[in-house]
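Participant: A predicted structure for the sequence below; I have some questions about it.
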Amino acid sequence: MTAVTLSTVGYGEIAPMTPAAKTFTILFIMMSLTVFAFGIKELTRFVLTENIFEKIKQKKMKKMTATLKDHTLICGYGRNGRQAAHRLLNHGHPIVVIEQNQEVIHRNEKVRFIPGDARQDAVL
């Protein structure tokens, strides 16, 4: 009964149990709690390390850039790329910037970015 109470399963014994049934019940409850705790741990690890919100944001950005037509592609958001982007945006031209530096991508919300190396054909 101690294992049943501590695990918060909370059922009462209907009939007297044999020692084998008690052992099975205790092992079954402990195994169930272990599987549940492992599942919670893995879910938490996935959310924290995989950064699911960032992946959702990237997927949304890819979907938005796929619908663009007659846009300008800027490779890199350094000094020259930033100036070109601001001039094009001021004139109302849609742009997409390919940038490797994640800090630059996170700092600029109004510019559409594709993370990656512009020298690779797959990114282009």
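Facilitator: It's in. Numbers count the residues shown, from 1 in each chain.
Participant: please make it C-alpha for all contacts and neighbour counts, starting now.
Facilitator: OK.
Participant: residue 86: neighbour count?
Facilitator: For residue 86, the number of neighbouring residues by other CA atoms under 10 Å comes to 14.
Participant: please name the nearest non-neighbouring residue to the spatially most central residue of the chain.
Facilitator: Within the chain, the residue whose C-alpha comes closest to the C-alpha centroid is residue 52; the distance, by CA atoms, centre = their mean, is 0.8 Å. Counting by CA to CA, 6 or more residues apart in numbering, residue 46 is the residue found nearest to residue 52 once chain neighbours are left out, at 7.7 Å.
Participant: picking up where we left off before, how near is the residue nearest to the centre of the chain to residue 43?
Facilitator: In this structure, residue 52 and residue 43 are separated by 11 Å, where distance is defined by CA to CA, to the nearest Å.
Participant: with residue 79 instead?
Facilitator: In this structure, residue 79 and residue 43 are separated by 41 Å, where distance is defined by CA to CA.
Participant: neighbour count for those two, which is higher?
Facilitator: Here residue 79 and residue 43 are compared on neighbour count by other CA under 10 Å; more neighbours surround residue 43, at 11 against 8.
Participant: same for the one helix or strand residue 20 maps to, what does it pack against?
Facilitator: Element membership of residue 20 [criterion: DSSP states H and E] is helix 19-49. Identification of packing neighbours for helix 19-49 by 3 or more CA pairs under 8 Å, 6 or more residues apart in numbering; DSSP states H and E yields helix 2-6.
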